[in-house]
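A.B. asks: Fold the following.
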Amino acid sequence: MHLGLVALLVRDYDEAIDFYVGRLGFDLREDTDLGGGRRWVVVAPPGAGDAAVLLARAATPGQGERVGDQTGGRVGLFLHTDDFARDHARMAAAGVEFEEEPRRESYGTVAVFRDLYGNRWDLIELRA
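C.D. replies: Below is the predicted model of the structure:
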């Protein structure tokens, strides 16, 4: 077994694609029209293997309330890098908002950022 997709609620497919592909540098793996205004949109960091994010547009008022707060305000998504300084600088230049300066922890270098909806992510380079 392996983890394939993680669904992330979004308000709008195109604005989410713009952020994840345009600012974070993810690849757009699939964007299939399912009819009725629904799409199957999958993005992933380059080289991520099978693991990817399904951008799922909120379809009910309850789902809409969870956009940007799927983990109750805690960091719930972890973006690993092999070059923290490179990716941090590229993302910051692209307009990604970091909550803090990079910090060194026992497990590696990390900084928390928010996606366009407010979901909290760690950008992290694990110690070898």
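
A.B. asks: from here on, contacts and neighbour counts on C-alpha atoms
C.D. replies: Noted.

A.B. asks: What segments of this protein are strands?
C.D. replies: 5-10, 27-35, 38-44, 52-57, 77-80, 97-98, 103-105, 108-114, 120-126 (DSSP state E).

A.B. asks: Same list (these) but as CSV, adding mean pLDDT.
C.D. replies: Output for the strands of the chain, formatted as CSV (pLDDT from 0 to 100):
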stretch, mean pLDDT
strand 5-10, 96
strand 27-35, 97
strand 38-44, 97
strand 52-57, 97
strand 77-80, 96
strand 97-98, 96
strand 103-105, 97
strand 108-114, 98
strand 120-126, 97
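
A.B. asks: right, and those strands - which one's nearest residue 86?
C.D. replies: strand 120-126 (10.8 Å; CA to CA).

A.B. asks: in its sheet, what does the closest one sit against?
C.D. replies: Using DSSP bridges, the strands paired with strand 120-126 are strand 77-80 (parallel), strand 108-114 (antiparallel).
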